[in-house]
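In: Dropping a prediction and its sequence here:
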Amino acid sequence: MSDCLFCKIIAGEIPCDKVYEDETILAFRDINPQAPVHILLVPKAHIASSYEVTSQNCQVVGHIFEIISQLAEHEGLHNGYRVVTNCGADGCQSVHHLHFHLMGGKKLSEQMG
Ligand code: AMP
């Protein structure tokens, strides 16, 4: 997707603070962190949102959670963390490329909505 911000980051056209990369996913620090640790994990294939996750492409979501577990260990999130994906207008999704926010390093708000 030529006009997708995260596709441009994945292609190396826009820099990022990369923390993990393999053949199918990229993880980088959020430019506007909401917690001491705030990492975004994205599939390299363009999937617009969780609306577009299907039986054909859901394997990468499981892989993202495998890496979340590893990154949480690496980032020292031994007291817990939060994983969020925003979807669509009501979910306040601002970048329309599926991504998971990994946040931790402090006691997070009990408010979820
Ligand atoms: P969402 O609102 O769930 O779509 O999340 C999009 C996230 O992308 C926000 O937390 C932004 O701070 C983050 N973001 C936007 N541009 C960049 C960028 N160039 N590098 C890293 N994070 C970004």
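Out: Structure's in. What do you need?
In: Tell me where the chain has strands.
Out: In the chain, the segments counted as strands under DSSP state E are 18-21, 25-29, 37-43, 81-84, 100-104.
In: Could you provide the ones you listed in JSON lines, with additional columns for distance to the ligand, mean neighbour count and mean pLDDT?
Out: From N, CA and C alone the C-beta is placed, and that goes for glycine too. Converted to JSON lines, those look like this (distance: least, Cβ to the nearest ligand atom, whole Å; neighbours: other Cβ atoms under 10 Å; pLDDT from 0 to 100):
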{"stretch": "strand 18-21", "distance to the ligand": "10", "mean neighbour count": "15", "mean pLDDT": "98"}
{"stretch": "strand 25-29", "distance to the ligand": "6", "mean neighbour count": "19", "mean pLDDT": "98"}
{"stretch": "strand 37-43", "distance to the ligand": "6", "mean neighbour count": "22", "mean pLDDT": "98"}
{"stretch": "strand 81-84", "distance to the ligand": "7", "mean neighbour count": "16", "mean pLDDT": "98"}
{"stretch": "strand 100-104", "distance to the ligand": "6", "mean neighbour count": "22", "mean pLDDT": "98"}
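In: Could you export these as TSV, including distance to Phe65?
Out: Listed next are the strands of the chain as TSV, based on distance: least, Cβ to Cβ, whole Å:
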stretch	distance to Phe65
strand 18-21	13
strand 25-29	11
strand 37-43	9
strand 81-84	8
strand 100-104	8
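In: quick one, which of those is nearest to Glu110?
Out: Among the strands of the chain, strand 81-84 comes nearest to Glu110, with 10.8 Å by Cβ to Cβ.
In: Tell me where the chain has helices.
Out: Per DSSP state H, the chain carries helices over the ranges 5-10, 59-74.
In: what comes into contact with the shortest one?
Out: Under the criterion Cβ atoms under 8 Å, 6 or more residues apart in numbering, residues 1, 14-16, 26, 28, 40, 42, 44, 46, 95, 97, 99 lie in contact with helix 5-10.
In: No further questions, thank you.
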